[in-house]
Every structure is written in C-alpha cells, then in structure tokens.
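Asks: What follows is a predicted protein model with its sequence.
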Amino acid sequence: MPNDKIEVSEKYSAPALSKGLDILELLATQNAGMKKSDIAKSLKRSVSEIFRMLAVLVERNYVSVDEASEHYSLTLKLFEISHRHPPIKRLTKVAGDVMADLAISLNQSIHLSILYGNNILVIAQNDPPGNNVTSVRLGARIPVTQTGSGAVLVNQLSSEKRDAICDQIKTATLEQIEVFKEAVTQVHKFGYCVSPSMVIAGVQNISVPIVDYSGKVIAALTIPFIQRLINQNDPDLDTAAKAMQLAGEKVSNFLGANAALSI
C-alpha cells in the first residue's frame, strides 16, 4: 500500500502548480508584501524559479508588484473568485437585504464575516446614510481575538481548539484574549455577545451568529456600535442588540436553521 501511495503521488504531482500555490499562501500572510528574494528564501526555492511563477501570477492578476519597493502582494482576485462560489454567494445574497435594513433602522454600520484560518474575513458590509460612521473594510482580515465576530465564529469549537488559536496569534495581548474569552462565554450563555472593541475606544461590537441547516455557525453578523454626541434619536445599545438577534435568526432561518430545530 505505501508504494502505491507514492506512485500515485508522483504520477499526479504538478511542481509548477505547487510552487504557484505556495507563493499565494505565503503572500496571504503578509500585510506589506515581499520581495522575490525573500519569497524564494521563505519557500526554499531559487530566485529564478520564483521569478517565473511570479511573472505568471502578475500576468493573471493574482499578484501585483510595486515597482518602487519591488514588493509583491496579493490582489483581491482570489477574494472575488471566492464570492462566485455558490455557498458564499448565497450567504451574502440572503443577508444583503437584512443588513441594508439594519444599517438604516439602527443608523449603524454592519458587516458579515466568516472564519478564515485564525482570522475573520469580512465578506459583506453596509453603512448607514449618515456622515459619521465606523465601519470595517470589505475583504478585511482581522485576528479572531480582536473581534466579537471571532468569538461568535469559534464558540462551537472546543476550549482546547480555541486556546490553540489564541496561541497561534502572536500579536494577541492578554487583554485581548480576556475580552475574547468573555465574549465567547456570552455567546454560550445568551447566543450573542456585546464586547468592547479592541481597535477603537468607545465602540461596542454587537455580534450574532448565522447558523445553517445543520446547526453550524457559518458566519457572524456584527455592528461596531457607536454612540453619537449629536442626538439623532438613534436606538440605544440594548435595542440594537435585540434587533441584531432577530436579524441573525432571520438570516439563519432563510438558510434552513429552523428546519434543523424541528427535527
């Protein structure tokens, strides 16, 4: 059996494809991009091998290069392709109208995110019509320990797996981990969480789960709630939290969560 496995592996190996994927996966971890010499060193490849791969990836618009710094970075093409994938496309379509209504009725920004490794990935975002908003960029990747969304997305994991995620996020501070764990506890108790932002002072993140037909949390709906100094008769934090819970249930039911509960 071992010999058969080796033969199959060798028969279907695609070195060029593997190198290209290695480059994409490496660049996905870099905020500022990398020079081709650094990419080659990280992947233990020659610069000439990496250069050919990068040339193709740039030509196909998966990677861009800054001519001044000679840094290569991922473009948003992979993000765009992922949105063509039916499950993501259906999720954003189902949640779209609910998010748009919430942004207006609560006068708050709202975003939808999924778990992406040890990060959340924002796949949809809506702003209210007013001028003063606090929002998260579409396509943003943020460590789970910095977000209420992250607490919602990993709350179904075992405590051991959540601890492992925290250990892997080297930038996580003790304060962030404490707030993160408290948010997870809230999700367990109440089905949602309200937690202070670890990025902007004074912001409270209201996060609720989106559940599919199997009862699995597949996404998080979040408002970075801000209290405006000019009275615009905005709903308060408690009212916004209740509206978010109803919205999360509504989107989940569109995805078949109510059918799972009735079984």
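Replies: Now that the structure is in, tell me what you want to look at.

Asks: got a pLDDT number for Tyr12?
Replies: Reading off the confidence values, Tyr12 has pLDDT 64.

Asks: scratch that, Asp4
Replies: With respect to pLDDT, Asp4 has a value of 42.

Asks: Over to Val58?
Replies: 93.

Asks: Any idea what the closest residue to it other than its chain neighbours is bridged to?
Replies: In space, not counting the residues next to it along the chain, Val58 is nearest to Val65; the distance is 5.8 Å by CB to CB, 6 or more residues apart in numbering. Just so you know, the C-beta spots here come from the backbone N, C-alpha and C atoms, and that holds for glycine as well. When bridges are taken as DSSP bridges, the partners of Val65 come out as Tyr72.

Asks: which ones are touching Val65?
Replies: For Val65, the contact set (CB atoms under 8 Å, 6 or more residues apart in numbering) comprises Leu54, Val58, His71, Tyr72, Ser73.

Asks: Go ahead and build a PyMOL selection from the buried members of those.
Replies: For selection in PyMOL, the members of these meeting the burial criterion (16 or more other CB atoms under 10 Å) are listed in this command:
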select buried, resi 54+71+72+73
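
Asks: TSV please, covering the contacts of Val65 and showing distance to Lys216.
Replies: Listed next are the contacts of Val65 as TSV, based on distance: CB to CB, whole Å:
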residue	distance to Lys216
Leu54	38
Val58	38
His71	38
Tyr72	36
Ser73	33
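
Asks: Quickly check the contacts of Val65 for the two that are furthest apart.
Replies: Checking the contacts of Val65 against each other with CB to CB, the farthest-apart pair comes out as Val58 and His71, at 12.1 Å.

Asks: Could you list the low-pLDDT ranges of the protein?
Replies: Within the chain, the ranges that satisfy pLDDT under 70 run 1-13, 80, 82-87, 231, 259-263.

Asks: can you give me the strands for it?
Replies: Counting by DSSP state E, residue ranges of the strands within the chain are 63-66, 71-74, 110-116, 119-126, 141-143, 193-196, 204-211, 217-225.

Asks: which one of these lies closest to Thr134?
Replies: Between Thr134 and the strands of the chain, the tightest spacing by CB to CB is seen for strand 217-225, at 4.9 Å.

Asks: In this structure, what residue spans correspond to helices?
Replies: Under the criterion DSSP state H, the chain contains helices at 2-11, 15-27, 36-43, 47-59, 77-84, 86-106, 148-154, 159-168, 174-190, 237-254, 257-262.
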